[in-house]
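Peer 1: Let me see the structure of the following:
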Amino acid sequence: MASLTPLLANFGANELQLLSSYGDSRAYEPDEVLIREGEENEHLCLILRGQIEVLHEVDGVDKRVALLEGGDSLGEVSIFDPGPASATVRAVTHAEVWLISKDSLESLHAANPKVAYRLLSRITTCLSKRLRQMNDRVVDLVNR
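Peer 2: Now for the predicted structure:
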C-alpha cells in the first residue's frame, strides 16, 4: 500500500505492510458505487488511485459535494460512529481504494497499539481540520 495519503505520511514500510494486512484493497470501475447514501457504513477509505466523487441527493437529484483523488480519505467518522452514510460515493475513473473497518482497526490495536494509535491520531487530526474549516464557513455565512 503506497503512502499517498496524509493519513499515512511518515509511516515506515513495515508499518504500511502491517496496516495493509488489516484492511482490504479494492478496485472500482467508473460509475461503480462504493457507499450508498443512507446505507450502513463502517469503513475508513483511503483513495490510492483514481478519482471518487461524493454525492448528496437533493430533491431527487445527486449533487456533487466533493471530488476526491489519490491521497484523499473519506469515512473517517464511520470508524468512530458507524451508521448510515450521509452521501453516496462513486468512482469517476478506475480507482483503487483501501478500506479498514472499525472491527479491523480494533484488531490492529490489539496486535500493535503503537501503529493503531498513530493512525487514529492522524484521523483525529484530519477530522479536527475539517471541523475547523466548517466552523469558519459557518462564521462566514453568519457574518454575511
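Peer 1: And the helices in this structure?
Peer 2: Taking DSSP state H as the test, the helices found in the chain are 13-22, 76-80, 102-111, 113-142.
Peer 1: tell me the angle the longest one makes with helix 13-22.
Peer 2: Angle of helix 113-142 versus helix 13-22, following axes from the mean of the first three to the mean of the last three Cα atoms, to 10 degrees, is 80 degrees.
Peer 1: And the average pLDDT for helix 113-142 is what?
Peer 2: The pLDDT scores in helix 113-142 average 87.
Peer 1: Pick the most deeply packed of the helices of the chain.
Peer 2: Of all the helices of the chain, helix 76-80 has the most neighbours on average by mean count of other Cβ atoms under 10 Å, namely a mean of 17. To be clear about C-beta, it is placed using only N, CA and C from the backbone, and glycine gets the same treatment.
Peer 1: Check the gap between R137 and S21 for me.
Peer 2: To S21, R137 is 38 Å away according to Cβ to Cβ, to the nearest Å.
Peer 1: low-confidence ranges in the protein?
Peer 2: Within the chain, the segments meeting pLDDT under 70 span 1-5.
Peer 1: Spatially central residue for it, please.
Peer 2: Closest to where the C-alpha atoms of the chain average out (Cα atoms, centre = their mean) is L74, at 2.1 Å.
Peer 1: give the contact list for the nearest residue to it once chain neighbours are set aside.
Peer 2: Nearest non-adjacent residue to L74, counting by Cβ to Cβ, 6 or more residues apart in numbering: C45, 5.1 Å away. By Cβ atoms under 8 Å, 6 or more residues apart in numbering, C45 lies in contact with L34, I35, I52, S73, L74, G75, V89, V97, W98, L99.
Peer 1: could you dump those to a markdown table with distance to L8?
Peer 2: As requested, the contacts of C45 are exported to a markdown table (distance: Cβ to Cβ, whole Å):
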| residue | distance to L8 |
| --- | --- |
| L34 | 19 |
| I35 | 21 |
| I52 | 17 |
| S73 | 9 |
| L74 | 14 |
| G75 | 15 |
| V89 | 20 |
| V97 | 14 |
| W98 | 9 |
| L99 | 14 |
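Peer 1: Which of the residues you listed ranks first by neighbour count?
Peer 2: In terms of neighbour count, V97 stands highest of the contacts of C45 at 26 neighbours, by other Cβ atoms under 10 Å.
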